[in-house]
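K.L.:
Coordinates for the following, if possible.
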Amino acid sequence: METRRTNKGGRPALADPAKHRHVLYLNDRENARFLSQWEQSGVTSKSRFIAARLFGEPFRVVKVEKSAVEYCARLTEFYAQFRAVAVNYNQVVKALHSNFSEKKALAFLYKLEKATTELAALNRQVIALTNECKELWLPK
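P.N.:
Alright, predicted model coming up:
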């Protein structure tokens with residue numbers, strides 16, 4: 001006779017499930033203070049936050065700097081444009097050599113080289129600003 005495992009479906013059972021529930025009542029002022037601390041902690045679950053506070057786990061405050069988020073978005077946008085320029089750079093050089101005489105191609109390549117030097121200097125500035133922002137905004 002063959003024994004078969006039946007699959008009951010659903011989530012797998014936890015080794016140590018949380019099955020004890022406690023209720024507390026807060027007035028409006030206490031509730032506002034609790035919600036403020038919970039939002040600052042960055043914990044997604046209120047029950048996890050309460051348990052952490054009861055058992056003395058460290059209280060972290062997570063602050064989102066809007067200007068840092070905006071700077072990151074702009075930097076990502078700039079990096080995408082920078083990559084697009086890098087991809088098109090080789091195509092431009094090939095097109096110059098195939099469509100123009102060598103003398104004209106060299107003249108255009110000289111202009112392209114100057115623009116690339118300016119772009120590299122701009123990239124160095126962006127890297128310096130990013131490092132400065134890391135020191136100011138990111139926790140150590």
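
K.L.:
could you say what helices and strands the helix or strand where residue 91 lies packs with?
P.N.:
In this assignment (DSSP states H and E), residue 91 forms part of helix 66-99. Counting contacts by 3 or more CB pairs under 8 Å, 6 or more residues apart in numbering; DSSP states H and E, helix 66-99 packs against helix 102-137. Just so you know, the C-beta spots here come from the backbone N, C-alpha and C atoms, and that holds for glycine as well.

K.L.:
what's the average pLDDT for the helix it packs on?
P.N.:
Helix 102-137 shows an average pLDDT of 83 in the prediction.

K.L.:
From residue 103, how far out is residue 90?
P.N.:
Computed as CB to CB, to the nearest Å, the residue 90 to residue 103 distance reads 21 Å.

K.L.:
Equivalent analysis for residue 27, please.
P.N.:
Plainly put, residue 27 is 85 Å away from residue 103 if you go by CB to CB.

K.L.:
ditto for residue 96
P.N.:
Noted for residue 96: a distance of 11 Å to residue 103, by CB to CB.

K.L.:
Looking at these two, which is more packed in?
P.N.:
Shown here are residue 96 and residue 103; by other CB atoms under 10 Å, residue 96 has more neighbours (17 against 7).

K.L.:
low-scoring pLDDT stretches of this protein, where are they?
P.N.:
1-7, 61-63, 137-140 (pLDDT under 70).

K.L.:
any idea how it splits into domains?
P.N.:
Dividing the chain into domains by automatic domain parsing, as the record does, gives the ranges 24-63, 66-137.

K.L.:
coming back round to it: report the buried residues of the helix holding residue 91.
P.N.:
Buried positions in helix 66-99, judged by neighbour count with 16 or more other CB atoms under 10 Å: residue 96.

K.L.:
Direction-wise, compare it with helix 102-137 and give the angle.
P.N.:
For helix 66-99 against helix 102-137, the angle by axes from the mean of the first three to the mean of the last three CA atoms, to 10 degrees is 170 degrees.
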